[in-house]
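In: what follows is a predicted protein model with its sequence.
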Amino acid sequence: MTSRPPSVDSLARSLAHIGLPHPLLVDAARQAIAAGDPQLAEQIANDIAQCLLVPVINATGVIAHTNLGRSPVAHTQTPRAQNLEFDLNTGQRGSRQAGIGQLVARACGAESAMVVNNNAAAVMLVLAALAHDRDVAVSRGESVEIGGGFRVPEVMEQSGARLLDVGTTNRTRLADYRKAIDRKTTDVALVLKVHPSNYRVEGFVEETSVDQLATLGVTVVSDIGSGLLDAACPWLNDGPPSWLNGEPAAKQTLAAGADLVTFSGDKLMGGPQSGFIVGRADLVQACAAHPLARALRPGGLVLASLHNTLLAYLARTAQKDIPFWRMATTSVKELRDRAQAIVQHTGVGQVVDCESLPGAGSAPGITIDSVGLVIDGDHLVALRNYQPPIIARVKDRATMIDLRTVDPTDDAVLIEALKKIH
């Protein structure tokens, strides 16, 4: 005689130790019973739990890891109302752009600035506001696709602007732009220079700089992508690190003659996901007045986090207060001391030199010297299933844990996890 399956409710209640709300445990129980195997319920519930947002330890060596939320951000605030769109001076309705806009403008030497929900939104808003139904000149070598399917031609199409290809994939000269602008069949609203992110052409190449483009007599917009505010890095004790050589920065790009600069807030800037439009006040205002601006604006939580991030830059405490820069500038000696201590406590693994990455397409092809642990075998699943999950990588059939992206306060967690997997 075939035994009857348990009731959905009783099976769900037996899964309470997993810590999910009861309705989700009911879903797991129903799926297991429908599959004819109630024993599957716990695995299904655990799979549901693994899909939820949880804090993880990033041991990959990629500082701004796109799959792990890019730059790590610490932010808390009291559960009170905030003056998001309220002017405390006048008692009247204010702008959510005013406070953040003035901070980022000050940090990169711009006339004005505004924030949207990511850099793709910043580029699209600029094109929609300034070039709708007109031509935008872009070098063929910069008409790229970056992570997440962001394609310059497709974003331009959605904005209502027309892409005008200039030059060739590997070489685009100032004369190519001038020729395109002077054609009787074109109506060029602006020139768009795009940072190629994690794409690079080497060898027989030539590109046109911003200061050259500024001589064309049309609006120049530069999408620098990575969010480096100032190439001088005045917030770092020892000045700019060598791995930033050649990385475009907002302050210097504006000084070179760009009318507007767009960039991300969650890459080298080290803040929450966001995008910025900085530069000439009249052009920023035109973007802010466009109907898309409301759809692309960030919420109060993001703005509050950006507020703290930008104040740290202006106070020149970013190296201490912004996790991205704290991780990026940790000395190799400190990392080696930590690695040796972990091995001493666990008896597991070997201390090795390795290389970290800035991540998120910033400084493509550039690495940062680092130190980590190598453990024989593939232990990725066991580390992911630890609480909190530890995300590492495998190379040459060994598990690599790069300590540059692990906060020192998590070393104790690593020690306990390594004791259990070996």
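Out: In hand now; what should we look at?
In: which stretches of the stretch 251-400 of the chain form helices?
Out: Per DSSP state H, counting those that start in this stretch, the stretch 251-400 of the chain carries helices over the ranges 281-289, 292-296, 300-314, 318-321, 323-328, 332-346, 380-384.
In: residue 268: which of those is closest?
Out: Minimum separation from residue 268 across those (Cβ to Cβ) falls at helix 323-328, 7.1 Å. No exception for glycine: its C-beta is placed from N, CA and C like everyone else's.
In: picking up where we left off before, among the helices of the stretch 251-400 of the chain, which is the most enclosed?
Out: Compared across the helices of the stretch 251-400 of the chain, helix 323-328 shows the largest average neighbour count, a mean of 22 (mean count of other Cβ atoms under 10 Å).
In: domains in this structure, by residue range?
Out: As given by automatic domain parsing, the domain ranges for the chain are 8-50, 57-71+326-421, 96-321.
In: export those domains to JSON lines and append columns for distance to residue 84.
Out: Output for the domains of the chain, formatted as JSON lines (distance: least, Cβ to Cβ, whole Å):
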{"stretch": "domain 8-50", "distance to residue 84": "30"}
{"stretch": "domain 57-71+326-421", "distance to residue 84": "23"}
{"stretch": "domain 96-321", "distance to residue 84": "5"}
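In: will you turn those domains into a markdown table that also has mean pLDDT and distance to residue 80?
Out: Compiled in a markdown table, the domains of the chain are given as follows (pLDDT from 0 to 100; distance: least, Cβ to Cβ, whole Å):
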| stretch | mean pLDDT | distance to residue 80 |
| --- | --- | --- |
| domain 8-50 | 95 | 27 |
| domain 57-71+326-421 | 94 | 26 |
| domain 96-321 | 92 | 11 |
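In: hmm, back to that, could you dump the helices of the stretch 251-400 of the chain to a markdown table with distance to residue 132?
Out: Conversion of the helices of the stretch 251-400 of the chain to a markdown table gives the following (distance: least, Cβ to Cβ, whole Å):
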| stretch | distance to residue 132 |
| --- | --- |
| helix 281-289 | 11 |
| helix 292-296 | 10 |
| helix 300-314 | 27 |
| helix 318-321 | 37 |
| helix 323-328 | 35 |
| helix 332-346 | 50 |
| helix 380-384 | 46 |
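In: nearest to residue 202, out of these?
Out: Proximity to residue 202 (Cβ to Cβ) singles out helix 323-328 among these, at 24.8 Å.
In: and the closest one, what does it pack against?
Out: With contacts defined as 3 or more Cβ pairs under 8 Å, 6 or more residues apart in numbering; DSSP states H and E, helix 323-328 has these neighbours: helix 318-321.
In: at 6 Å what do you get?
Out: Contacts of helix 323-328 with other secondary structure elements, assessed using 3 or more Cβ pairs under 6 Å, 6 or more residues apart in numbering; DSSP states H and E, are absent: no helix or strand is involved.
In: how distant is it from the center of its chain?
Out: In this view, helix 323-328 has its centroid 14 Å away from the chain centroid, taken as Cα atoms, centre = their mean, to the nearest Å.
In: who touches it?
Out: Counting contacts by Cβ atoms under 6 Å, 6 or more residues apart in numbering, the residues outside helix 323-328 that touch it are 63, 71-72, 270, 318-319, 404-405.
In: switch to 7 Å and redo it
Out: In this structure, residues lying in contact with helix 323-328 by Cβ atoms under 7 Å, 6 or more residues apart in numbering are 63-64, 71-72, 74, 236, 270, 318-320, 358, 368, 404-405.
In: in PyMOL, select just the buried ones from these.
Out: One line in PyMOL is enough to select the buried members of those, burial here meaning 16 or more other Cβ atoms under 10 Å:
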select buried, resi 63+64+71+72+236+270+318+319+358+368+404+405
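In: so which of the contacts of helix 323-328 is the closest to residue 165?
Out: residue 358 (29.9 Å).
In: gap between that closest one and residue 162?
Out: When Cβ to Cβ, to the nearest Å is applied, the distance between residue 358 and residue 162 equals 34 Å.
In: related to what we said a few turns ago, now for the contacts of helix 323-328, which pair is the farthest apart?
Out: Maximum pairwise distance among these (Cβ to Cβ): 21.5 Å, between 74 and 368.
In: what about the strands in the stretch 51-200 of the chain?
Out: Listed from the start of the chain, the stretch 51-200 of the chain has strands (DSSP state E, counting those that start in this stretch) covering 57-58, 112-116, 135-139, 145-146, 150-151, 162-166, 188-194.
In: how about the last one as PDB, C-alpha atoms only?
Out: Coordinates of each C-alpha in strand 188-194 appear next as PDB, following Å, rounded to 0.1, in the frame of the first residue of the first chain:
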ATOM      1  CA  VAL A 188      25.500  67.000 -35.800                       C
ATOM      2  CA  ALA A 189      24.200  68.000 -32.400                       C
ATOM      3  CA  LEU A 190      27.200  66.800 -30.500                       C
ATOM      4  CA  VAL A 191      30.300  64.600 -30.500                       C
ATOM      5  CA  LEU A 192      30.300  61.600 -28.000                       C
ATOM      6  CA  LYS A 193      33.600  60.200 -26.800                       C
ATOM      7  CA  VAL A 194      33.100  56.800 -25.100                       C
END
